[in-house]
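Engineer: sequence plus predicted model, see below.
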Amino acid sequence: MNDESLLDLSITYRLLGNLGGLNTSSYKFNSHLLGGCLAYNFWPKEKWIRPFVGLAFYTEIATNYKNGLLRGQGHKPTDRYSKSGDRRSARWYKGTPIVGNFFFGLNIKLIPSLYLKTAFGVGYERVKSKSLSWIEGEVANPLEEAENQPMMLSPIFSWNLQVGLRYVLPFKKKEKPQPK
């Protein structure tokens, strides 16, 4: 924008996931998201550290948990139906169509054109799911029966930490020094 600041527009990938438990190192639920980010960088680009603020939007492109059971709100996987006496209930994950983040952070220059980018922010997600309540023995296939129910869109707010690398492609040719 000028010599003191920079406006970045970028394509971003995000991995969203939950660990399966304390005794496992793999994600039980993961979601791959693709989107864009608009960030405003303060201070001249010659500085080795530059603060920024940004806004990013993503949509889910793949997940390993479609039709997986969820507990409570958000992305909390579970292996069983909820029960209360002979009554059962369940919620099945269908997707995350929109994720938005507002964040602030620092770009730290490691070498020319390569930066360590860290940020902290607030996130908003819309989780699609289907729910069903039934009496034990009343329904043969609960997931199949839940497909006839209306889609639920649940809002989720979260705190986010982002860590990544940023590489700036130089588009200007460097001027060669003129011989004297």
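Structural biologist: Here it is on my side, so go on.

Engineer: ends of stretch 128-143, how far apart?
Structural biologist: For stretch 128-143, the first and last residues are 15 Å from each other (Cα to Cα, to the nearest Å).

Engineer: run the chain-centre distance for that stretch.
Structural biologist: Relative to its chain's centre, stretch 128-143 lies at 29 Å (Cα atoms, centre = their mean, to the nearest Å).

Engineer: now do Asn2, the pLDDT please.
Structural biologist: On pLDDT, Asn2 comes in at 61.

Engineer: so what strands line up beside the helix or strand of the chain with the lowest mean pLDDT?
Structural biologist: When each helix and strand of the chain is scored by mean pLDDT, DSSP states H and E, strand 6-19 comes last, with a mean of 83. Strands adjacent to strand 6-19 in the sheet, as given by DSSP bridges, are strand 27-41 (antiparallel).

Engineer: where does pLDDT dip in the protein?
Structural biologist: Residues of the chain meeting the criterion pLDDT under 70: 1-3, 18-27, 173-180.

Engineer: longest single strand anywhere in it?
Structural biologist: Ranked by number of residues, the top strand in the chain under DSSP state E is strand 87-111.

Engineer: who does it pair up with?
Structural biologist: For strand 87-111, pairing defined by DSSP bridges yields strand 49-63 (antiparallel), strand 69-70 (antiparallel), strand 82-84 (antiparallel), strand 114-135 (antiparallel).

Engineer: cheers, nothing more for now.
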